[in-house]
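A.B. asks: Sequence plus predicted model, see below.
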Amino acid sequence: MPSGPLGGPRPFAEGELIYRERYTVDAAIGERLESDKVSSAAEKRIAQNVERVGFRDPNVEISPAGFSILVDIGLGDGSILPTGSRENGFGELQDAVEEAVKAEIDSAASKGAVEGPEWEIMTN
């Protein structure tokens, strides 16, 4: 279950905006992230990084699958301004997620995966 910035469980809410990013990582890292303890710690730190650029109480869920991971970030039900977020631009959100993934998961992580777009925003 996704967790908020303080680590408490918070499921994705109906109508919540979800930013989804895919990364290619080393297979050993993907296997290590299958541990709830390891993935929960990474999810908390990614959420903290996203909060720093203006998205309040994001929830983060990491889904490892071999050489790739899927990072889902719940952004709540507020609108995203033309500049991107409630306080900063959309580019800042993308940069914050990428920096956190590289720092907390794999410094050699690259955007994109074999299937699907590099990133997307959807509603739950």
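C.D. replies: Done, it's in.
A.B. asks: is it true that residue 50 touches residue 59?
C.D. replies: No - Residue 50 lies out of contact with residue 59 (C-beta atoms under 8 Å); the separation is 9.7 Å. Where you see a C-beta, it was placed from the backbone N, CA and C, and this is true even at glycine.
A.B. asks: Spit out the residues that contact the two alike.
C.D. replies: residue 73 (C-beta atoms under 8 Å, 6 or more residues apart in numbering).
A.B. asks: Who are the contact partners of residue 101?
C.D. replies: Counting by C-beta under 8 Å, 6+ apart, residue 101 has contacts 21, 23, 46, 69, 71, 109.
A.B. asks: These in strands, which ones?
C.D. replies: 21, 23, 69, 71 (DSSP state E).
A.B. asks: Which pLDDT value belongs to the closest residue to the third one other than its chain neighbours?
C.D. replies: If the residues on either side of it in the chain are set aside, residue 69 comes closest to residue 23, at 5.3 Å by C-beta to C-beta, 6 or more residues apart in numbering. If you check residue 23, the pLDDT there is 90.
A.B. asks: which outside residues touch the lowest-mean-pLDDT helix or strand in the chain?
C.D. replies: Across the helices and strands of the chain, the lowest-confidence element by mean pLDDT, DSSP states H and E is strand 119-123, at a mean of 72. Outside of strand 119-123, the residues within contact range by C-beta under 8 Å, 6+ apart are 15, 16, 17, 18, 19, 20, 21, 22, 80, 94, 111.
A.B. asks: Now it: buried residues?
C.D. replies: Using 16 or more other C-beta atoms under 10 Å as the burial criterion, the residues of strand 119-123 that qualify are residue 119.
A.B. asks: cool, and stretch 24-33?
C.D. replies: 24, 25, 29, 30, 32, 33.
A.B. asks: can you tell me which residues contact the fifth one?
C.D. replies: By C-beta under 8 Å, 6+ apart, the contact set of residue 32 is residue 38.
A.B. asks: From residue 18, how far off is it?
C.D. replies: Here the criterion is C-beta to C-beta, to the nearest Å. By it, residue 32 lies 24 Å from residue 18.
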